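Chemist: Provided below for reference: sequence and predicted model.
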Amino acid sequence: MLARKSIIPEEFSLPALVSRVPRKPVFRDRVNKARFIAKSGACNLAHKNIREQGRFLQDVFTTLVDLKWRFTLVIFTMTFLCSWLLFAMGWWLVAFAHGDLDPNRQPGVEQCVTYVKSFTSAFLFSIEVQVTIGFGGRMITEQCPTAITVLILQNIAGLIINAIMLGCIFMKTAQSHRRAETLIFSRQACIALRNNRLCFMIRVGDLRKSMIIGAVVRLQVVRKTVTPEGEVIPIHQIDVQTESAVTSNSIFLLAPLVICHVIDKDSPLYDLSAMELQCSDLEVIVILEGVVETTGITTQARTSYVTEEIQWGHRFVPIVTEEEGIYSVDYSKFGNTVKVATPRCSARELDEKPSILIQTLQKSELSHQNSLRKRNSMRRNNSMRKANSMRRNNSALAIPKVQFLAPEGALNMSVT
């Protein structure tokens, strides 16, 4: 028995109507992802299960420089104490072998080291030799070639220890990340139109007057990706091109600059709209490198921006002004942004539909004209208020006219 056909045509059935209804994209809730680089520039990475710990001892100097200050000072103190104790034992053995410690020795026999009669005196003599104090009481004689050999070895060992320890402390005090403390980044990043293109913008600045020579800014997008073969790359680093890198190899960081990345077809942000950006888990890493002018040491400053720190439709306010023949920078407005007309679509859709850009430009032009009108009206009102206040002040300061009236008796006398 054949199935009975429905009275309603198939094209007007519920499944057919639902299939023709345009579906809005469903965005998943963004999972809070640990950032790869902290805002301070520290790497959020822990090294675990390192089996070959001996590799760190093969580069002792770098290991000492990377240690914290408390460990460095402990190693610095213990190194000198151990060397003094070691050579004190050597001087005590020299005196013991020569018989200088024997209380019944003959009075005519000269000692190897004068006034070394115990381990305490040997320890004091070791300190005097290594730090070249020389109080004048204890000294070696010509009787023991062994003592001369120990003296030479202790001087050489003392010079080596001084060179290593002082070099380590100097490198710790002159580390490159100390200079990076005065290289600042804006707390927020912006995406807005610049030269009719969507651009990702950040602001960098240097608080010191000394220059960063050959400063270079690099941008990287870090996110989790899956290859067509199914391989999961948890930290996929994608280089992002900036305008400064295209035109030249470095930037002149004399005043705060806005670093701009044009979101084109080669950009990893090309397919992201404003809504999709908030739901993505990408992280933009900014790296500023350069040579310190005063020390010649290469320094590097880092920061990152997650999606919550990227403001769509904002741009940075200008902070450089000319005052009395010099340029002034107002760092209180370093991270301030202002909202501007920006399409909420992706850069791909903006390239495919130029009408969106035209409508946005018209809106921005209207808003600009309205802002100019408001400014002009405010200026007129202020000027009128100033003029009225000046008129009131002038009227209050005007000298009143005084009329002198003659008495009636004087008037009658003049008449008669």
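Modeler: Right, received. Where do you want to start? Numbers count the residues shown, from 1 in each chain.
Chemist: name the helices or strands packed onto the helix or strand where residue 147 lies?
Modeler: According to DSSP states H and E, residue 147 maps onto helix 145-173. Applying 3 or more C-beta pairs under 8 Å, 6 or more residues apart in numbering; DSSP states H and E, we find helix 145-173 packed against helix 60-66, helix 69-98, helix 119-130. In short, each C-beta sits where N, CA and C put it, glycine included.
Chemist: Nearest to residue 144 among those would be which one?
Modeler: With C-beta to C-beta as the measure, helix 69-98 is the member of those nearest residue 144 (5.8 Å).
Chemist: got any ranges where the stretch 101-250 of the chain has weak pLDDT?
Modeler: Scanning the stretch 101-250 of the chain for pLDDT under 70 picks out 108, 176, 244-249.
Chemist: residue boundaries of the strands in it?
Modeler: Using DSSP state E, counting those that start in this stretch, the strands of the stretch 101-250 of the chain run over 183-185, 189-194, 197-206, 212-226, 232-240.
Chemist: So which of those is nearest residue 311?
Modeler: strand 189-194 (5.2 Å).
Chemist: quick one on the thing from earlier: would you indicate which residues of the helix holding residue 147 are buried?
Modeler: 147, 150-151, 154, 158, 161, 165, 168-169, 172 (16 or more other C-beta atoms under 10 Å).
Chemist: got the angle for that helix vs helix 119-130?
Modeler: 60 degrees (axes from the mean of the first three to the mean of the last three C-alpha atoms, to 10 degrees).
Chemist: ok, back up a step: from the helices and strands packed on helix 145-173, which stretch is densest packed?
Modeler: Of all the helices and strands packed on helix 145-173, helix 119-130 has the most neighbours on average by mean count of other C-beta atoms under 10 Å, namely a mean of 19.
Chemist: what about that one, distance to the chain center?
Modeler: 49 Å (C-alpha atoms, centre = their mean, to the nearest Å).
Chemist: Can you spell out which helices and strands pack onto that helix?
Modeler: helix 69-98, helix 145-173.
Chemist: Specify which residues of the stretch 301-416 of the chain, grouped into ranges, have pLDDT under the cut-off.
Modeler: In the stretch 301-416 of the chain (pLDDT under 70), the answer is 357, 359-373, 375-376, 393-416.
Chemist: which residues of it fall in strands?
Modeler: Using DSSP E, counting those that start in this stretch, the strands of the stretch 301-416 of the chain run over 310-312, 314-316, 320-323, 326-329, 337-339.
Chemist: Could you measure from residue 238 over to residue 300?
Modeler: 20 Å (C-beta to C-beta, to the nearest Å).
Chemist: what does residue 273 give?
Modeler: When residue 273 is compared with residue 300 (using C-beta to C-beta), they lie 33 Å apart.
Chemist: More neighbours: the two, which one.
Modeler: residue 273 (19 against 16; other C-beta atoms under 10 Å).
Chemist: List the residues that contact that one.
Modeler: 344-346, 349 (C-beta atoms under 8 Å, 6 or more residues apart in numbering).
Chemist: Bridged to residue 257, which residues?
Modeler: Note on residue 257: beta-bridge partners by DSSP bridges are residue 204.
Chemist: same question, residue 251
Modeler: With DSSP bridges as the rule, residue 251 is bridged to residue 215.
Chemist: unless I'm mixing things up, it is touching residue 260, no?
Modeler: No: using C-beta atoms under 8 Å, residue 251 makes no contact with residue 260, being 11.4 Å away.
Chemist: So these two - more neighbours on which side?
Modeler: Between residue 251 and residue 260, counting by other C-beta under 10 Å, residue 251 is the more crowded of the two (21 against 17).
Chemist: list the contacts for that one?
Modeler: Residue 251 touches 215-217, 244, 257, 259, counting by C-beta under 8 Å, 6+ apart.
Chemist: residues contacting residue 263?
Modeler: Listed by C-beta under 8 Å, 6+ apart, the contact set of residue 263 reads 191, 197-200, 269-270, 347.
Chemist: Repeat the analysis, applying 7 Å as the threshold.
Modeler: Listed by C-beta atoms under 7 Å, 6 or more residues apart in numbering, the contact set of residue 263 reads 198-200, 269-270, 347.
Chemist: What about those residues, which one has the most neighbours?
Modeler: Counting by other C-beta under 10 Å, top hit in the contacts of residue 263: residue 198 with 26 neighbours.
Chemist: Distance check, it against residue 390.
Modeler: From residue 198 to residue 390 the distance is 50 Å (C-beta to C-beta).
Chemist: Likewise for residue 68?
Modeler: 68 Å.
Chemist: Same question for residue 37.
Modeler: For residue 37, the distance to residue 390 - C-beta to C-beta - is 59 Å.
Chemist: who has more neighbours, those two?
Modeler: When residue 37 and residue 390 are compared for neighbours, residue 37 comes out ahead with 21 against 10, by other C-beta under 10 Å.
Chemist: Phi and psi next, for that one.
Modeler: phi -120, psi 130 (degrees, to the nearest 10).
Chemist: who's in contact with it?
Modeler: 43-44, 285, 302-304.
Chemist: repeat that for 8 Å
Modeler: By C-beta under 8 Å, 6+ apart, the neighbours of residue 37 are 43-44, 283, 285, 302-304.
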